[in-house]
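Visitor: Below are the sequence and a predicted model; questions follow.
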Amino acid sequence: MTFFHLANCLALGYIPYFITYKYSKLSEYSAFNKCIKVGAIYFFTQAIKLLALATIFPVTYDASDSLDAKSEIIKCTIDMLDVTGIYFALSYTVVAADCRILAVGMGWSAAEFMATRILPLWVGARGVEFEWKYILLSFDGNISLIQYITIAALLWIWLRLNDSSKITSTITILLVFLLYFMPVMFRLLIQIPPLQNLSLLPFKLVFTSTIGIYAIYAYFTVSGKPRY
């Protein structure tokens, strides 16, 4: 039974990636290698982030359960380096724009799933018959897929416009929110004792999906493609 629980968690985490690849233009362009290259850029970016976190912004951990807002803000500040990694991934992925956005978003989120969720699932979900936290951990990977495709789309639009228009300002605000304020907010909220046993994933899904819908609208507005 423990093996089936692990298999269910892995299926919940990775089947959306398979569906996204299989039933989008990624399979038509045979863009699997491009997703692998984006994943390599992800791991290189994380190595730079770890180096910066250890040298430039050393974080001291408190053994108590007190809320450490400073450490969480520093971590999320370092996470802004993801913008640079996604920028290079968009720049060096040579394919149609919509396929490029999907390849970068899916490759980045799949690599993040491997780096941050596979080991907890393998160690934790394999040892119990059922535990909701591992189901939610896999579901969080699905939200990350939406989030990074949205970030890739917004960054592509921002680079394409490159002016001071209203839509550029809106996209800048949304990128900062997705990459900085939302992670800070959820990391701080989850440390508050009354909220530690409460899943904040529905709120994260609502925020990410809402911005994703706007990203779709902005993409079709900028690219001039029909919305159907």
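Guide: Received the coordinates, thanks.
Visitor: starting at the chain centroid, how far to the helix or strand encompassing residue 214?
Guide: When elements are assigned from DSSP states H and E, residue 214 belongs to helix 201-223. Centre-to-centre, helix 201-223 and its host chain are 13 Å apart (Cα atoms, centre = their mean, to the nearest Å).
Visitor: counting contacts, what elements does that helix pack onto?
Guide: helix 97-116, helix 132-161, helix 166-176, helix 182-189 (3 or more Cβ pairs under 8 Å, 6 or more residues apart in numbering; DSSP states H and E). For the C-beta atoms, the positions are set from N, CA and C on the backbone; glycine is no exception.
Visitor: now with 7 Å?
Guide: The contact analysis (3 or more Cβ pairs under 7 Å, 6 or more residues apart in numbering; DSSP states H and E) places helix 201-223 against helix 132-161, helix 166-176.
Visitor: Which one of the ones you listed lies nearest to residue 201?
Guide: Nearest of the helices and strands packed on helix 201-223 to residue 201, taken as Cβ to Cβ: helix 132-161 at 5.9 Å.
Visitor: what angle do the closest one and helix 166-176 make?
Guide: 150 degrees (axes from the mean of the first three to the mean of the last three Cα atoms, to 10 degrees).
Visitor: list the buried ones in the host helix or strand of residue 54?
Guide: In the assignment (DSSP H and E), residue 54 maps to helix 32-55. By 16 or more other Cβ atoms under 10 Å, the buried positions in helix 32-55 come out as 34, 35, 37, 38, 39, 41, 42, 45, 46, 49, 53.
Visitor: neighbours of residue 84, just the number please.
Guide: Here the number of neighbours of residue 84 (other Cβ atoms under 10 Å) works out to 12.
Visitor: before we move on, back to that, may I have the helix holding residue 214 as CSV, with CA atoms only?
Guide: Extracted C-alpha coordinates of helix 201-223, given in CSV (Å, rounded to 0.1, in the frame of the first residue of the first chain):
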residue,chain,number,x,y,z
LEU,A,201,-2.7,25.9,-1.7
PRO,A,202,-6.3,27.0,-2.7
PHE,A,203,-5.3,30.6,-2.3
LYS,A,204,-2.1,30.1,-4.2
LEU,A,205,-4.0,28.4,-7.0
VAL,A,206,-6.5,31.3,-7.2
PHE,A,207,-3.8,34.0,-7.3
THR,A,208,-1.7,32.1,-9.8
SER,A,209,-4.6,31.2,-12.1
THR,A,210,-6.0,34.7,-12.1
ILE,A,211,-2.6,36.1,-13.2
GLY,A,212,-2.3,33.3,-15.7
ILE,A,213,-5.6,34.3,-17.3
TYR,A,214,-4.3,37.9,-17.6
ALA,A,215,-1.1,36.6,-19.1
ILE,A,216,-3.1,34.7,-21.8
TYR,A,217,-5.0,37.9,-22.6
ALA,A,218,-1.8,40.0,-22.7
TYR,A,219,-0.1,37.4,-24.9
PHE,A,220,-2.8,37.3,-27.5
THR,A,221,-3.0,41.1,-27.4
VAL,A,222,0.7,41.6,-28.0
SER,A,223,1.2,38.7,-30.5
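Visitor: buried set for that helix?
Guide: 204, 205, 207, 208, 211, 212, 214, 215, 218, 219, 222.
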